[in-house]
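*Asks:* Return a 3D structure for these sequence lines:
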Amino acid sequence: MPLGRTFGRYRYAGAVFALAVVAFAALLFLHGYKNTFLDLRAFYCAGHAFAQGADPYRDAALRPCEMALGTNVFAGSVGFDQPTVPVPWAPYAMPLLALLSAVPFGAAAATWTLLNFAALAIAAELLRRSLPELSPVAIAAFVLFAGVPTEAALGQPAGFELLALVAAGRCLRTRSTAGIAGALAVAALQPYVALPLAIALLWAGAAARRAVAACVAVFAVGSAVFVPRLSYEYLTVIAPEHTRANILEITQLSFTSLFAAFGLPSDPARGLGLLIYVAAIGAGIWAGLRLAAAFRRPEALPWVAAMLATLGAPYLHFGGLACALPGALLVLAAAPAAAPARIGAMLLFVPWIGLLLQTTYSYTIAPFAAAMAWSPQRKDRLARVAAAAFALLCIDLAVSAFFRGHVANPAGYRSAVLPPGALAEDSWRGFIAVQWTAIGTASLAARIVSALGALLLAAAAIAAAARAR
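*Replies:* From the prediction side, this is the model:
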């Protein structure tokens, strides 16, 4: 294919990639964000520990490296010591992190960011082709906002996960076992993404079932043979402890976290959250199957199932919302006049936590909100007026938040000296406790708004599936 035709064919993806880079540069320049790549620094240190033969889940293996890289959760805030940031990735993903840590951190961060943005761009292109009913502008805005702030603040693999989910749905059209398996393998970087995706794919035909069986066999055998001790530790200790340590973390948007924030004890909150998660996966598979059949879109099954599973997950970091995006867009396309779907999408995907507390990327909400409500139809003027009003409100909130002072440390928190063999979660748990004391109540409004958005989107999806024929 001639080079000019190639650029012409993928100019939309190229535009999304360019906008991601520009937005990322603006975030760094305008706000001077001192905590850039917070989680990526921890990923890098876990990879370094694994490469050295150390346990990447232990405080002693991570803390010296993180201290050297400056992984400080509240850089610039008053009185906060640096906790150890844990890395809850499964052991089979550690070789990838070890490869990342083989180069200097600056080069690793640049490579990671560009690859994430490339994945976002490809995901946006695939979504545009799958959902011609939606405005390409709105799709691009959703995708950029799902990935760029998360990458800027944390270095999470949002682009990879979004692309894996979108590609899994697209590969169902061609019944490509290899393509589905590849997408599921990438999604497995985050087990909470891969689990509902794999369960949904079991209902998607023989090719998908073969892909799931192959991935499960490869990862299970590989884990048992190459990292048996770490795999056992991850399943029995790390995953449960990470959920417990983060239940009151201010960027958690799960119903489990909301129950705990309103006073329900940790274990009952986690148990209730697990029941919601199981019910959400079941409802997502039912709704996805109906929408896939009604609209002749096989991708509806994994996308809608992943959306409801994400919204009902017992542990949901705001960066994980990207995995609800394909299903949300499909619901908007399936029910374009449904106010609950549109309102739910806006309430959910605007990062209220960042607007109210972190203020690092709040200014980007205004164009995002306008693009979400924009419609190519001239008669939809009311939506444009509402979007403009909403954008002005967000600008006002962003300006006021920008001049907000640093968070103080009322409890005099200092990182405790932990005994040998302590988990990184032990350090993180102490920080979360004082963080909640300092600013936890202020985060309740953001959590409630996000929960309302999740309920509206879930209700819109189930209603659209119930109406489907």
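
*Asks:* list the contacts for the residue lying closest to residue 182 once chain neighbours are set aside?
*Replies:* Residue nearest to residue 182 in three dimensions, not counting chain neighbours: residue 167, with 7.6 Å by CB to CB, 6 or more residues apart in numbering. C-beta coordinates here come from the backbone N, C-alpha and C atoms, glycine included. Taking CB atoms under 8 Å, 6 or more residues apart in numbering as the contact definition, residue 167 lies against 123, 126, 179, 182, 183, 186.

*Asks:* quick one: the third one and residue 171 touch, right?
*Replies:* Yes: taking CB atoms under 8 Å as the contact criterion, residue 179 and residue 171 are neighbours in contact, 3.5 Å apart.

*Asks:* Settle it for me: which of these two has more neighbours?
*Replies:* Applying other CB atoms under 10 Å to residue 179 and residue 171 shows that residue 171 carries more neighbours, namely 26 against 18.

*Asks:* looking at it, the more buried one is touching residue 197, isn't it?
*Replies:* No: here residue 171 does not reach residue 197: they are 11.9 Å apart, not a contact under CB under 8 Å.

*Asks:* What sits closest to the spatially most central residue of the chain if chain neighbours are left out?
*Replies:* Note on the chain: the residue nearest the mean C-alpha position is residue 320, at 1.7 Å, using CA atoms, centre = their mean. Setting aside the residues directly before and after it, residue 320 is nearest to residue 310 in space (CB to CB, 6+ apart), at 6.3 Å.

*Asks:* The residue nearest to the centre of the chain contacts residue 192, doesn't it?
*Replies:* Yes: contact status for residue 320 versus residue 192: in contact at 7.2 Å, counting by CB under 8 Å.

*Asks:* Could you tell me which residues touch both of those two?
*Replies:* The overlap between the contact sets of residue 320 and residue 192 (CB under 8 Å, 6+ apart) consists of residue 313.

*Asks:* can you tell me which helix in the chain is longest?
*Replies:* In the chain, with assignment by DSSP state H, the single longest helix is helix 266-295.

*Asks:* other SSEs contacting that one?
*Replies:* Contacts of helix 266-295 with other secondary structure elements, assessed using 3 or more CB pairs under 8 Å, 6 or more residues apart in numbering; DSSP states H and E, are made with helix 191-201, helix 239-245, helix 255-261, helix 300-311, helix 325-334, helix 444-467.

*Asks:* Any buried residues in that helix, and which?
*Replies:* Along helix 266-295, these residues count as buried under the neighbour rule (16 or more other CB atoms under 10 Å): 269-270, 272-273, 276-277, 280-281, 283-292.

*Asks:* so where's this protein uncertain?
*Replies:* When residues are selected by pLDDT under 70, those of the chain lie in 1-9, 27, 29-35, 71-81, 149-153, 337, 351, 354-415.

*Asks:* what about residue 22, distance to residue 142?
*Replies:* Taking CB to CB, to the nearest Å as the measure, residue 22 falls 17 Å from residue 142.

*Asks:* The two: which is more packed in?
*Replies:* Neighbour count, other CB under 10 Å: between residue 22 and residue 142, residue 142 has more, with 24 against 12.

*Asks:* With adjacent residues omitted, what lies nearest to the more buried one?
*Replies:* Spatial nearest neighbour of residue 142, chain neighbours left out: residue 325 (5.8 Å); criterion: CB to CB, 6+ apart.

*Asks:* what about the one you found, distance to residue 304?
*Replies:* Distance from residue 325 to residue 304, counting by CB to CB: 12 Å.
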